[in-house]
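Novice: Quick one: sequence plus predicted model below, questions after.
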Amino acid sequence: MAKIIHNNEPDVSEPKKNIVDTIIEFVLFLAAGVSGVVFYFTRSPIALIIGGGLALSFFVALLLSDRPTRNNTPPEKVYGNIGEKKAEFVLGKYLPDEFTIIQNVSIIFDGERCEIDNLVIGKTGVFIVEVKNLKGSIVGDCDEKVWKQYKIDQYGKEHIDENKNPVMQVSRQIRILKDYLKANGVSTYIRGAVYFTDKDMKLRLIGEPKKDIHIFTFNQKKELISYILNGDADLYDKKIQKIISILK
């Protein structure tokens, strides 16, 4: 199995309590305590009622503050994350031990920025694997900036969405990564791949992608792995380790 390095891991720690909530809880607790002291010395039923109400409010505030935070992640982002997990499983399981996969690589160079889903590094070369987890039918022209996505919602109504051409996206990533590595003392040939991970997605491609960027669908896992294993870069170990150290 290939080694997987996760960059930019999401924060899964417990969310910090809002400072306003903390202040409110403190005030309620303090007021309840003061009301309790007043009742002790005066035996006033009003102080008892106020103190009891404040104590109850304090208890409710504690319960509410311990509720899990609501997940506000957009559905498309959630679905995209699922696709990345599918790709991680395929690449990690079927590539041999000498390969390293760096996920979520963010590069800023010469005023440009790109986000790379998976960067595969091994003796056969450096490969960018862009993951797309899209439903429905995808119609794409390799020379157009936008591809169309036709999908049916739960009510049977067809929707047409537009997505950036992933081939052009990977081509840009290759260019930026190549320049970035060169600026850090490494020159190497970089290939790319677009991997559609939804098993029911249908792709109709118009034109041919660039020779150094291949497209694979869900049922073409073996072809994707073969594409990586049959690269002809023949990188030596020292160069591989230098590339990894630059990007992880």
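Specialist: Sure, I can see it. Residues are numbered from 1 along each chain as shown.

Novice: mind listing the helices for the protein?
Specialist: For the chain, applying DSSP state H gives helices covering 19-42, 45-65, 75-94, 166-183, 221-229, 237-247.

Novice: so what does the fourth one touch, helix or strand wise?
Specialist: Just to be clear, that refers to helix 166-183. strand 100-109, strand 112-122, strand 125-132, strand 190-196, strand 213-216 (3 or more C-beta pairs under 8 Å, 6 or more residues apart in numbering; DSSP states H and E). To be clear about C-beta, it is placed using only N, CA and C from the backbone, and glycine gets the same treatment.

Novice: residues in contact with A2?
Specialist: When the contact criterion is C-beta atoms under 8 Å, 6 or more residues apart in numbering, the partners of A2 are 91-92, 95-97, 99-101, 120, 122.

Novice: Next, find the distance separating it from K151.
Specialist: Per C-beta to C-beta, to the nearest Å, A2 is found 33 Å from K151.

Novice: how is this structure carved up into domains?
Specialist: With domains defined by automatic domain parsing, the chain comprises 19-65, 73-247.

Novice: Model confidence score at D153, please.
Specialist: If you check D153, the pLDDT there is 84.

Novice: Next: the one 5 residues further on.
Specialist: Among the per-residue scores, E158 holds a pLDDT of 91.

Novice: Touching, it and Q149? I think so.
Specialist: No: here E158 does not reach Q149: they are 10.7 Å apart, not a contact under C-beta atoms under 8 Å.

Novice: Show me which of these two is the more surrounded one.
Specialist: Q149 (19 against 10; other C-beta atoms under 10 Å).

Novice: With adjacent residues omitted, what lies nearest to the more buried one?
Specialist: The shortest distance from Q149 to any non-neighbouring residue, by C-beta to C-beta, 6 or more residues apart in numbering, is to D161 (4.4 Å).

Novice: do the same with K210
Specialist: S171 (6.3 Å).

Novice: Quick check: the one you found touching G192?
Specialist: Yes: between S171 and G192 there is a contact under C-beta under 8 Å: 7.0 Å.

Novice: Low-confidence ranges, this protein, go.
Specialist: Applying pLDDT under 70 to the chain picks out residues 8-43, 47-48, 51-77, 79.

Novice: Tell me, how many residues neighbour S106?
Specialist: Count around S106 with other C-beta under 10 Å applied: 11.

Novice: Over to K199?
Specialist: There are 9 residues near K199, going by other C-beta under 10 Å.

Novice: same question, I116
Specialist: 23.

Novice: residue contacts, the residue nearest to it when sequence neighbours are not counted?
Specialist: Ranked by C-beta to C-beta, 6+ apart and with sequence neighbours excluded, the top spatial neighbour of I116 is V105, at 4.1 Å. V105 sits next to 7, 115-116, 119, 247 when contact means C-beta under 8 Å, 6+ apart.

Novice: For those, which two are the farthest from each other?
Specialist: Greatest spatial distance in the contacts of V105: E115 and L247, 12.6 Å, computed using C-beta to C-beta.

Novice: out of the two, which sits in the busier spot?
Specialist: L247 (22 against 12).

Novice: Give me the distance between the residue positioned nearest the centre of the chain and K238.
Specialist: Of all residues in the chain, the one closest to the mean position by C-alpha atoms, centre = their mean is N81, 5.1 Å from it. N81 sits 35 Å away from K238, going by C-beta to C-beta.
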